[in-house]
Each structure stands twice: as structure tokens, then as C-alpha cells.
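Colleague: The following block contains a protein sequence and its predicted model.
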Amino acid sequence: MAALERAGQRLTPQRLAIAEALARTGKEATVQELYDQVRRKHPYIGRATIFRSVDMLVEAGLAQRLERPGHVSAYIWCEPGHHHHLICTSCRAVEDLGETLVAPLAKSIARERGFRVDHATLDFYGLCRACAAKRGKPAAS
Ligand SMILES: [Zn+2]
Ligand SMILES: [Zn+2]
């Protein structure tokens, strides 16, 4: 977790476990899910520690917060400075979306609305390739 150290964060074993749990899933995870996972190795960890640690990760630019329906926050591991994601609502896999697809949109906005976009955070929710393919087939009986 060199990225954490670069961000100037003190690496307690618990924080490291939380960061690793989030980085390892490749999916969005709620505090509760991280809690369940990290607790297997660190049985005395508290939910408040998870909350503080994910906040720290978000501040350090290593994680991003997503809104799930019902005002639940989920978190994803993310390289610093990255802002766009494709989030599968079925398997909850998260894919990074690069600027190449988003830049033309910012240009259109500048052209049509006269608004200069400096910064954008775009999250697209839907079905990933694998889940869309599964849905396309008739339901297995
Ligand atoms: Zn990302
Ligand atoms: Zn999926």
C-alpha cells in the first residue's frame, strides 16, 4: 500500500486491512460489508474505525464514495485523480472510465451551453458486459 504512505497516512494494521479489503474486491462495498470482511482477521475492529478509515481513504484520493439507493454510501478503491466509473447494479463490479470518453462530452457542454467544465465526476449505473449477456438469455429454469 505505497499509495497510502505517499498520501501521508499512518498505516495501522487495521487501516491497512481495510484498504486492502476495498482494493481487493474490485467492487463497490459498504461500510457494513467491509466490516464483515475485515472482522474475520481483526475481530476487535469497530465499525467506527471502518467509517474513519474509509473517510481517510476518500480524503487521500484513494477511494470514492458512491450513493446507493436509500442514502447508503458505498466505497470503491480508485487511483488518485480518477473520477469516472461504470458500476454494475447486478454484480456491483466497478470499471474505470477514462477521460477519452468523457472529454467529448465536456466539449459539447462548452459549445452548447457556454459552460467551461473544469472538473466532472461521472458514474454510470447499469449492467456490465457479463451481466447484460446473462440477462439477454432466457431465464434458466
Ligand atoms: Zn476509478
Ligand atoms: Zn455485472
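Modeller: All right, it came through fine. Ligands and ions are numbered 1, 2, ... in the order given.
Colleague: In the longest helix that the chain contains, which residues are buried?
Modeller: The longest helix of the chain (DSSP state H) is helix 99-113. Neighbour-count burial for helix 99-113 flags 102, 106 (criterion: 16 or more other Cβ atoms under 10 Å). All C-beta atoms are positioned from the backbone trio N, CA, C, and that covers glycine.
Colleague: That one: how far from the chain's middle?
Modeller: Here helix 99-113 is found 23 Å from its chain centre; the criterion is Cα atoms, centre = their mean, to the nearest Å.
Colleague: List of residues touching it?
Modeller: 84, 115-117, 120, 122 (Cβ atoms under 8 Å, 6 or more residues apart in numbering).
Colleague: Kindly recompute the last result at 6 Å.
Modeller: 84, 115-117 (Cβ atoms under 6 Å, 6 or more residues apart in numbering).
Colleague: pLDDT on it, on average?
Modeller: Mean per-residue pLDDT for helix 99-113: 93.
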